[in-house]
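Student: turn this into a structure:
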Amino acid sequence: MATRESKSGTLWRRDTRGGRSIRAGTPIPAPVLRCRRKFLRFFPGGFADETYIDWERGYKWAAHERWMTVLAPNAFRALLRERRFSEIASHAVSIESRTNLLFSFEKMALRDAVKPPEGAEAFAAGLYEYLHGRAKDERRFEQWCETVAALPRKQTRVLTWPVVTVFGFVAQPDRHIFLKPNVTRAAAREYGVEFTYASRPNWDTYASLLDFAARVVRDQRDLGPKDMIDAQSFIWVQGSDEYEE
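Tutor: Purely as a prediction, here's the structure:
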């Protein structure tokens with residue numbers, strides 16, 4: 001069933017079997033429509049576009065697949081039981097290092113933080129609890145922020161939004177999203193949504209981002225978003241200098 005856009009910004013789906021045009025929803029707000037058009041100018045095939053997969057989705061999904069090879073829940077739990085904390089930290093840092101998600105100074109700060117045995121243990125135990133613990137999402141996120149804040153620090157601080165959010169995003173892209181503050185704030189303005197932001201990692205900001213991402217997935221569902229990788233990539237296109245027109 002093909003999708004087209006009317007002049008008013010209403011989406012219509014054409015039933016190719018019966019030749020009927022079926023209204024897909026109410027008119028799209030102007031800011032959302034502008035963002036949609038920008039995304040499609042770069043990636044006409046939506047989230048299945050070959051260039052999109054090459055530029056945005058492919059390497060993020062590859063990182064998730066590498067994660068699941070060595071740190072899937074059962075493997076992660078077994079490594080914790082055997083107190084192989086440095087191995088867990090090494091796997092996590094190595095997987096992230098093959099992406100461009102963190103700045104170089106964040107990568108360095110993270111490597112320094114998990115190098116001492118006490119840093120590796122705190123990181124490994126805290127990350128497992130964040131990803132697989134039984135507490136509510138808010139409490140798990142807050143505890144994870146506390147864990148990262150307490151990691152050993154040489155020069156650059158470890159507690160940044162990208163460091164706090166990157167491992168959830170790589171490990172569980174069906175539920176967690178990655179936050180680059182400046183890009184996300186710019187994208188929220190372009191999209192016309194209220195994004196509650198504070199520079200120190202906190203649950204209210206993260207929950208606000210999850211709401212933003214859910215709205216993107218809902219608004220752009222006919223383009224075929226699969227998970228938070230697609231939501232994050234759409235947001236990145238709106239706010240990043242890499243996609244200036």
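Student: and the helices in the protein, which stretches?
Tutor: 30-42, 50-52, 58-70, 73-81, 85-97, 104-114, 117-132, 137-149, 161-171, 181-191, 203-219, 228-239 (DSSP state H).
Student: let me see the mean pLDDT of the shortest one.
Tutor: The one in question is helix 50-52. For helix 50-52, the mean per-residue pLDDT is 98.
Student: so residue 220 touches residue 234, yeah?
Tutor: Yes - contact criterion C-beta atoms under 8 Å: residue 220 and residue 234 qualify, at 6.5 Å. For the C-beta atoms, the positions are set from N, CA and C on the backbone; glycine is no exception.
Student: between the two, which contacts overlap?
Tutor: Both residue 220 and residue 234 are in contact with residue 39, where contact means C-beta atoms under 8 Å, 6 or more residues apart in numbering.
Student: so who does residue 38 touch?
Tutor: Residue 38 touches 237, 238, 243, 245, counting by C-beta under 8 Å, 6+ apart.
Student: if you set the cut-off to 7 Å instead, what comes out?
Tutor: 237, 238, 245 (C-beta atoms under 7 Å, 6 or more residues apart in numbering).
Student: with respect to residue 150, which of these is nearest?
Tutor: Residue 150 lies nearest to residue 238 out of the contacts of residue 38, by C-beta to C-beta, at 34.1 Å.
Student: from residue 44, how far off is the closest one?
Tutor: 17 Å (C-beta to C-beta, to the nearest Å).
Student: ok, residue 67 next?
Tutor: Taken as C-beta to C-beta, the span from residue 67 to residue 44 is 31 Å.
Student: so these two - more neighbours on which side?
Tutor: residue 67 (20 against 10; other C-beta atoms under 10 Å).
Student: hmm, that one is touching residue 172, no?
Tutor: No - using C-beta atoms under 7 Å, residue 67 is not in contact with residue 172; the gap is 9.0 Å.
Student: burial check on residue 28, number of neighbours?
Tutor: 21.
Student: actually residue 125, not the one I wrote
Tutor: Neighbourhood size, residue 125 [other C-beta under 10 Å]: 15.
Student: which residues touch residue 47?
Tutor: With the criterion set at C-beta under 7 Å, 6+ apart, residue 47 makes contact with 223, 224, 225, 226, 230.
Student: from those, which two are the most distant?
Tutor: The most widely separated members of the contacts of residue 47, counting by C-beta to C-beta, are 223 and 226 (10.5 Å).
Student: what residues sit buried inside stretch 134-153?
Tutor: Using 16 or more other C-beta atoms under 10 Å as the test for burial, stretch 134-153 gives 140, 141, 142, 144, 145, 147, 148, 150, 151, 152.
Student: nothing else from me, thank you.
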